[in-house]
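Trainee: Make a model of this:
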Amino acid sequence: MLLFTCLISRAVHEETLPKIGTVSLQNALRRFFDRRGVSSTIRSDQGTNFVGAQNQKEDTISFSTLAQLAEARECRWTFNPPGASHFGGVWERKIGFIRRVLDAVFIQVGQRNLNRDEFDSFVQEAANKVNNTPLWEVSSDPEDPGLISPAMLLTLREDPNPPHLEHFSKDDLLVYGRTRWRRVQYLRGPVLDALADEQIDNLGVIEGNGKAHGEKSRKAI
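Mentor: Numbering: from 1, shown residues only. Okay, here's the model as predicted:
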């Protein structure tokens, strides 16, 4: 799975890959550019997913090929310095959220694993939940300005994702056939809502540690 994070809007975009390799990454990068537009810069850490093939001289991932593809679209791909994982704090938080979501889902489904279609659908649901999470702590003061989410910046709509009207229960985990789609819709409820609430709570912790900076950036937004 390949996860893109916008450093301006904090929005995420997910691409599910059949395998880790140059061709799969090339196709995913092209899909991302076609759907979201070409980025001016792509940053990544020194993770083994990207540089391991270079270090071990294995024909798994060719960074030079990917960089050439990006540069052909006027996009620069750069690595963060080695051992400087804090440089990628923005996307590491998003990766951590998606990982916790997937761990929770696998526990819920047990032996009845999600098929490829269900997995892709659920990952998109998770990305959607991230994109609809407020960019700052929810205030109890009615005079404070309204919240902004990455999805609102992407769609320019105040309510880009209205709540689902259908009700789903735990029994939907066992359905199959034409109603199997209900499995994903049930899972998106308890799993994503709980983790999204945790993420919002963390916003308050972060803002509390740097209150002055938080207030200043809130006004700027």
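
Trainee: From here on, just use CA atoms for contacts and neighbour counts.
Mentor: OK.

Trainee: got a pLDDT number for the residue located most distally from the centre of the chain?
Mentor: No residue in the chain sits farther from the centre than Glu143, which is 31.1 Å out by Cα atoms, centre = their mean. We have a pLDDT of 80 for Glu143.

Trainee: sec struct for it, please.
Mentor: coil (DSSP: H, G, I helix; E, B strand; the rest coil).

Trainee: How about His164?
Mentor: Using three-state DSSP, the structure places His164 in coil.

Trainee: now do Phe4
Mentor: Under the three-state scheme (three-state DSSP), the conformation of Phe4 reads as strand.

Trainee: can I assume it is in contact with Arg10?
Mentor: No - using Cα atoms under 8 Å, Phe4 is not in contact with Arg10; the gap is 9.7 Å.

Trainee: So which residues of this protein form strands?
Mentor: In the chain, the strands defined using DSSP state E lie at 2-5, 12-15, 41-44, 76-79.

Trainee: The ones you listed: which one's closest to Glu137?
Mentor: Nearest to Glu137, of all these, is strand 12-15, at 19.0 Å by Cα to Cα.

Trainee: Could you export that closest one as PDB, CA atoms only?
Mentor: Written as PDB, here are the backbone C-alpha positions of strand 12-15 (Å, rounded to 0.1, in the frame of the first residue of the first chain):
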ATOM      1  CA  VAL A  12      -4.200  11.600   2.300                       C
ATOM      2  CA  HIS A  13      -4.400   9.600  -0.900                       C
ATOM      3  CA  GLU A  14      -4.100   5.800  -0.900                       C
ATOM      4  CA  GLU A  15      -3.000   3.400  -3.600                       C
END
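
Trainee: what about that strand, average pLDDT?
Mentor: On average, strand 12-15 scores 93.

Trainee: returning to that earlier point: hey, which of the strands of the chain is tucked in deepest?
Mentor: Mean neighbour count (mean count of other Cα atoms under 10 Å) peaks for strand 12-15 among the strands of the chain, with a mean of 19.

Trainee: Give the partner strands of it in its sheet and their orientations.
Mentor: As defined by DSSP bridges, the strand partners of strand 12-15 come to strand 2-5 (antiparallel).

Trainee: So what's the gap between the strand it pairs with and the chain middle?
Mentor: From the chain centre to the centre of strand 2-5 is a distance of 6 Å (Cα atoms, centre = their mean, to the nearest Å).

Trainee: Can you pull out the low-pLDDT segments for the protein?
Mentor: For the chain, the stretches with pLDDT under 70 are 46-61, 82-86, 190-191, 193-221.

Trainee: What ranges does the protein have for its helices?
Mentor: 22-36, 48-56, 63-72, 89-109, 116-131, 150-155, 181-188, 190-209, 211-220 (DSSP state H).

Trainee: For the third one, enumerate the helices and strands it packs against.
Mentor: Based on contacts counted as 3 or more Cα pairs under 8 Å, 6 or more residues apart in numbering; DSSP states H and E, the elements that helix 63-72 packs against are helix 22-36, helix 48-56, strand 76-79.

Trainee: circling back to that earlier point, for Met152, find the nearest of the strands of the chain.
Mentor: Closest among those, using Cα to Cα: strand 12-15, at 12.8 Å.
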